[in-house]
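S.K.: predicted model and sequence follow; I will ask about them next.
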Amino acid sequence: MFKTGILENNKYAKIVVGANIAVVVLALLVLLGWVFDIPTVKSIIPGYITMKINTAISFLMIALAFLLQAAGGKDKLYLSRLMAGIALVLTALTLLQYITGADFGVDQFLGVDNNLTGSLHPGRMSLVTITCFLLLCIVLLTFNVTERYYRLAMQGLLHLVTLLSFTAIVGYIFNVPGFYTLSVLTTMAIHTAVAFFVLSIALSLVHPTVGITGVFTGTNIGNEMARRVFV
């Protein structure tokens, strides 16, 4: 099915592509939720943190960027990098706002966020969300690098995203706000955390033998034991 691109001869290709398509659908649903003011879509849990518009846009850009890379071809690669670049610029500008205290108008340029729950800046994605996006953008922009040590470093970035998002998910499951609201400025919606978790694991399967992912995808007895006891 994938004879060219970064998923060539990858047995996990369908899983990886399916995960990215799911993130695209989620991002579009959240954007529609903001357009038509559907609270359930924006926050999933009533009264909890919402997925911001810029967060949904960044998810959309990153997932589409990967799907284009998976399709193969130079023209698609350039378009993929453009989309990843959009997400990178959007998140970098948001981070710069936190650092400088300035307001560049990027938080609500597509709509007004009146939900002030857990946020000092309506419409602004959190620091932990920014961190995850920046890491994913770096990985996407360098997926074609073939050196193993570099792939190992990129796999480490994906594992960090998995850890951050998993921490937030655990906080929601066990109702420990400190896990998903790590500070006043650092908050993450439940579907944002799930999207990061799914996306980071899926992207790590592009190079399934590298990093911690290799522990669970190998064929040795130790790999089999890891798969069985991990849950």
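M.R.: Nice, I can see it.
S.K.: which strand or helix spans the spatially most central residue of the chain?
M.R.: When Cα atoms, centre = their mean is applied to the chain, the residue found nearest the centroid is Phe196 (3.6 Å). Element membership of Phe196, judged by DSSP states H and E, is helix 190-204.
S.K.: who touches the residue nearest to the centre of the chain in this structure?
M.R.: Going by Cβ atoms under 8 Å, 6 or more residues apart in numbering, Phe196 touches 129, 132, 136, 161-162, 164-165, 188. Quick note: C-beta positions are derived from backbone N, CA and C, even for glycine.
S.K.: which elements pack onto the next helix or strand after the helix holding Phe196?
M.R.: Per DSSP H and E, the first helix or strand lying C-terminal to helix 190-204 is helix 213-217. Identification of packing neighbours for helix 213-217 by 3 or more Cβ pairs under 8 Å, 6 or more residues apart in numbering; DSSP states H and E yields helix 221-229.
S.K.: neighbouring contacts of the helix it packs on?
M.R.: So helix 221-229 is in contact with 215-217, going by Cβ under 8 Å, 6+ apart.
S.K.: how about a cut-off of 10 Å?
M.R.: The contact list for helix 221-229, computed with Cβ atoms under 10 Å, 6 or more residues apart in numbering, reads 212, 214-218, 220.
S.K.: buried residues in that helix?
M.R.: Ala226 (16 or more other Cβ atoms under 10 Å).
S.K.: got the CA positions of it in PDB?
M.R.: Written as PDB, here are the backbone C-alpha positions of helix 221-229 (Å, rounded to 0.1, in the frame of the first residue of the first chain):
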ATOM      1  CA  ILE A 221      11.000 -13.200  24.500                       C
ATOM      2  CA  GLY A 222      11.700 -10.000  26.400                       C
ATOM      3  CA  ASN A 223       9.700  -8.000  23.900                       C
ATOM      4  CA  GLU A 224       6.800 -10.400  24.300                       C
ATOM      5  CA  MET A 225       7.000 -10.100  28.100                       C
ATOM      6  CA  ALA A 226       7.000  -6.300  27.800                       C
ATOM      7  CA  ARG A 227       3.800  -6.400  25.700                       C
ATOM      8  CA  ARG A 228       2.100  -8.700  28.100                       C
ATOM      9  CA  VAL A 229       2.900  -6.900  31.400                       C
END
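S.K.: ok, so of the contacts of helix 221-229, who is nearest Thr50?
M.R.: Closest approach to Thr50 among those (Cβ to Cβ): Ile212, at 31.3 Å.
S.K.: what bits of the chain have low per-residue confidence?
M.R.: Low-confidence segments of the chain, defined by pLDDT under 70, span residues 1-5, 109-120, 176-186, 231.
S.K.: give me phi/psi at the residue nearest to Gly218 when sequence neighbours are not counted?
M.R.: Closest residue to Gly218 apart from its sequence neighbours, by Cβ to Cβ, 6 or more residues apart in numbering: Thr209 at 7.3 Å. Main-chain torsions, Thr209, degrees, to the nearest 10: phi -90, psi 0.
S.K.: repeat for the one 10 residues further on
M.R.: Dihedral pair for Thr219: phi -110, psi 0, per degrees, to the nearest 10.
S.K.: do you know how far the residue nearest to Gly218 is from Thr217?
M.R.: 7 Å (Cβ to Cβ, to the nearest Å).
S.K.: between those two, tell me which one has more neighbours.
M.R.: Comparing Thr209 with Thr217 by other Cβ atoms under 10 Å, the one with more neighbours is Thr217, at 18 against 12.
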